[in-house]
Every structure is written in C-alpha cells, then in structure tokens.
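Colleague: sequence and predicted model, in that order:
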Amino acid sequence: MTNIIKALASLKKLDSGETVKVVHDVYPRPEATPKKAGLRMDKKLIWNLFKKHKPTDFIINDTNEQIIFTILLYFLKDPSFNKYNIIKNQAAHEKGLLIYGDYGVGKTELFKILRNIGRDLSKFNCFDFWFPEISAGSFVDEYMASTSKMDTNFSLEKFYGGKLYIDDLGYERKAFNRDEILGDILFERNRKGCKTFVTTNLTPTALSGKYGERIGDRLLEMFNIISWRGESFRK
C-alpha cells in the first residue's frame, strides 16, 4: 500500500511538471534481443523521411520542437534522447511512451508520421519505427461486437505482446458498462515487458483514476511520460 501511495503522489507531481523517479520495479524485464536491421538508420535519414511525410499543416514551433525531437531520438535509440529534459520521470529505452496534453497539438498526427516512416523503413527490413495501432474507442466497440459473432477471429490476447500504439486512451467506454478492457491490456503488456505507445488528453493521474491502482502504480515504470501543451492547430 505504501508503494501505491508513493506512486500516486508521483503521478500528481508529474501532472504539474515536476521531475519524479520510479518508485519500484513491479516486474523484472526480459533482456532485449538485438535485431540486425537491413538498413542503417541515422538522424539525417529519419529527418528526411519525417519531412517527406509531414503534412503541410503540421507546424513545428518553439512549443513542440523539443518534444518532437525527443520522440524521434527515442525511436532512433539515441542514448541522449532525453537531452532536452522533456521526460520528467526516469527516461529509458526499455519503456514505452505516454504522451498527454491539450487537444489539437499534434499528438496523433505525429504518430501517423512515425507509422509512415516505419512503413518506408520496413521495405529495407528495418522495423524500429513500425508498430500496430488501435483507437481506444473503436477498439472497445469492435470487442463488444465480436462477442456476438460465431466466426470472429478477434482476440484480446493478440494485443498482449509486441509493440502497440493506443490513440485516445482513457476516453473509451467500459465494455458492457462493466469492463475496462484496455486497462487489462495495459496490465498484461506491462507484465510481459512489451512496449506500448499512448496518446491521450488525460493526465497520468486521471488515467490512474480510470484504470485503478494496478495501472496507476505502474505508469512511471511502463512509460517515458511526456506532457505536450500548446494551442490547437485544428481549424
């Protein structure tokens, strides 16, 4: 109970922009097996691909520049990816990303760009920027619809492993007004040490309130947490 109280207190500090440390390691992490890529990545290559896929209305300015660079360096596995001190909890490549903040600042759009970069790189047997994606709200709807179909191949267990990007986490409804299935997925993915990437408008404290202590107590250990604030670019 003491660890949970400390974790929740740390999440509240994180909401206000303070630097926090991980309270404890809940599960031992499996050792990562390095994969030999068919293409050598570097900053110049990734920046050129970023510019190729960046929509004209995706604006880079003083508010978001360091956030975008931090995320690109993270996917490049750069040892100094947090050199701008954007990540206020303990930064580590072994963790995923949780990016929260205001509406319309470009969180989801950035991950669309990253997936397009990943699609280009995958042609050269390089998958560091590639990840499957789900939208939280439609995912729950699809899950509920699958329970009434005899020939469905939908399975929650398929989302327990590998990399995964979840957009709009926290705004989905409970399945059948009862189950927080994305909370269950986060729990299982954390137990297996899998990387998860999340964009949301909810703060870490709000996510903890939605999914309960078993997730809130682990957010700092599961994610490099980034606050992305600014004015909306949506017209």
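Modeller: Cool, the structure landed. Predicted model only: the values in this text are computed from it and were never measured.
Colleague: who are the contact partners of the nearest residue to Leu202 once chain neighbours are set aside?
Modeller: Among residues not flanking Leu202 along the chain, Gly170 sits closest, at 4.0 Å (CB to CB, 6 or more residues apart in numbering). (C-beta placed from N, C-alpha, C; glycine too.) Applying CB atoms under 8 Å, 6 or more residues apart in numbering to Gly170 gives the contacts 136, 200-202, 206-207, 210.
Colleague: how does it look with 10 Å?
Modeller: With contact taken as CB atoms under 10 Å, 6 or more residues apart in numbering, Gly170 is in contact with 100, 136, 180, 182-183, 198, 200-203, 206-207, 209-211.
Colleague: between those, which sits nearest Asp57?
Modeller: Asn201 (19.7 Å; CB to CB).
Colleague: next one: that closest one from Gln66, what distance?
Modeller: Asn201 is 20 Å from Gln66, where distance means CB to CB, to the nearest Å.
Colleague: looking at these two, which is more packed in?
Modeller: Set Asn201 next to Gln66 and count neighbours by other CB atoms under 10 Å: Asn201 wins out with 17 against 13.
Colleague: my read: the more buried one touches Arg229, true?
Modeller: No - using CB atoms under 10 Å, Asn201 makes no contact with Arg229, being 11.1 Å away.
Colleague: overlap of the contact sets of those two?
Modeller: 100-102, 105.
Colleague: please, a ChimeraX command that selects the buried ones among those residues?
Modeller: To isolate the buried ones among those in ChimeraX, judged by 16 or more other CB atoms under 10 Å, type:
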select :100,101,105
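Colleague: and the shared contacts of Asn201 and Arg229 as a markdown table, adding distance to Asn85, pLDDT and secondary structure?
Modeller: Shown next, in a markdown table, are the shared contacts of Asn201 and Arg229 (distance: CB to CB, whole Å; pLDDT from 0 to 100; DSSP: H, G, I helix; E, B strand; the rest coil):
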| residue | distance to Asn85 | pLDDT | secondary structure |
| --- | --- | --- | --- |
| Tyr100 | 17 | 97 | strand |
| Gly101 | 17 | 93 | strand |
| Asp102 | 20 | 90 | coil |
| Val105 | 19 | 93 | coil |
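Colleague: quick one: which of the shared contacts of Asn201 and Arg229 is nearest Val140?
Modeller: Nearest to Val140 among the shared contacts of Asn201 and Arg229 is Tyr100, at 19.5 Å by CB to CB.
Colleague: that closest one bridge partners, please.
Modeller: Beta-bridge pairing for Tyr100 (DSSP bridges): Thr200, Ser227.
Colleague: I'd say it and Ile225 touch.
Modeller: Yes - applying CB under 10 Å, one finds Tyr100 in contact with Ile225, separated by 7.4 Å.
Colleague: how about the residue nearest the centre of the chain: what's its closest non-neighbour residue?
Modeller: The residue lying closest to the centre of the chain (CA atoms, centre = their mean) is Phe197, at 1.8 Å. Excluding the flanking residues, the one nearest Phe197 by CB to CB, 6+ apart is Tyr165, at 4.3 Å.
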